[in-house]
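Enquirer: sequence first, then the predicted structure, then my questions.
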Amino acid sequence: MSWKMSGTYVESCNCETACPCVFLSPPTEDECTLLVGWHIDEGHLDGITLDGLNVSLAVQVDGHMMENKWNVALYLDDRANDQQIDALGKIFGGQLGGVPAALGEHIGAVVGAGPAPISFEVDGSDVSLKIGEIASMKVSAIEGQNGGRVEIVGQPLAIAPGNPGVVGRSEYLTYNDHGMTWELTGKNSFSSPFQYSG
């Protein structure tokens with residue numbers, strides 16, 4: 001099954017900025033709690049269009065992300081029809097190859113998966129994500145030299161390989177589902193374009 005998509009991705013975790021996990025180092029805390037969101041500008045699986053849809057993934061890991069399996073919950077845009085939900089589930093569930101399959105090798109348990117109301121907004125250097133009453137996140141890029149953005153390139157662990165990641169901090173991140181509750185502020189974030197295919 002041929003598929004392709006591109007858009008914008010954002011993530012924020014409980015590490016201090018910048019998160020060392022992307023360099024295969026231990027987290028700054030005893031565990032990793034991570035919320036990831038994708039907005040698909042253009043996408044398709046065979047003849048099924050995925051344009052404009054959102055996906056989110058909550059991740060919890062005890063200790064080192066490369067040494068311990070991840071517990072995850074997958075949220076798929078509830079505006080999608082049944083065919084689109086099925087397509088998104090297969091792609092982001094790692095069944096159809098590409099980057100999601102590579103990330104999926106680290107998953108130990110899927111604690112939940114299914115449709116949810118997801119909003120994703122980009123406003124300049126700010127990115128916001130909301131999953132119904134479950135999660136809410138807003139991140140802002142940190143200011144670098146001469147007022148420019150701070151970016152990382154070529155990091156070994158990347159959700160959007162091939163794209164410079166804009167480094168930021170969370171204005172807020174709340175999550176409460178599947179027995180996991182996070183309330184964070186001022187912690188690490190990354191955002192960038194993404195391009196996936198399989």
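Expert: Yep, that arrived.

Enquirer: alpha carbons only for contacts and neighbour counts from here, please
Expert: OK.

Enquirer: ok, longest helix in this protein?
Expert: If you go by DSSP state H, the chain has its longest helix at helix 82-92.

Enquirer: any idea which helix or strand comes after that helix?
Expert: The C-terminal neighbour of helix 82-92 among helices and strands, as given by DSSP states H and E, is helix 98-104.

Enquirer: show the average pLDDT along that next one.
Expert: Helix 98-104 shows a mean pLDDT of 96.

Enquirer: I'd like to know which elements that helix is packed against.
Expert: Applying 3 or more Cα pairs under 8 Å, 6 or more residues apart in numbering; DSSP states H and E, one finds that helix 98-104 contacts helix 82-92, strand 188-197.

Enquirer: shouldn't residue 72 be within a strand?
Expert: Yes - counting by DSSP: H, G, I helix; E, B strand; the rest coil, residue 72 falls inside a strand.

Enquirer: ok, residue 108 - contacts?
Expert: 69-71 (Cα atoms under 8 Å, 6 or more residues apart in numbering).

Enquirer: do the same with residue 51
Expert: Residue 51 neighbours (Cα under 8 Å, 6+ apart): 40-44.

Enquirer: redo that, cut-off 10 Å
Expert: 5-7, 39-44, 80, 84 (Cα atoms under 10 Å, 6 or more residues apart in numbering).

Enquirer: pull out the buried residues from stretch 36-43.
Expert: 36-41, 43 (16 or more other Cα atoms under 10 Å).

Enquirer: okay if I get these as JSON lines plus pLDDT and secondary structure?
Expert: Shown next, in JSON lines, are the buried residues of stretch 36-43 (pLDDT from 0 to 100; DSSP: H, G, I helix; E, B strand; the rest coil):
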{"residue": "36", "pLDDT": "98", "secondary structure": "strand"}
{"residue": "37", "pLDDT": "98", "secondary structure": "strand"}
{"residue": "38", "pLDDT": "98", "secondary structure": "strand"}
{"residue": "39", "pLDDT": "98", "secondary structure": "strand"}
{"residue": "40", "pLDDT": "98", "secondary structure": "strand"}
{"residue": "41", "pLDDT": "98", "secondary structure": "strand"}
{"residue": "43", "pLDDT": "98", "secondary structure": "strand"}
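
Enquirer: quick one: which of those is nearest residue 102?
Expert: residue 36 (15.5 Å; Cα to Cα).

Enquirer: which residue comes closest to that closest one once chain neighbours are left out?
Expert: Nearest residue to residue 36, sequence neighbours excluded (Cα to Cα, 6 or more residues apart in numbering): residue 11, at 4.2 Å.
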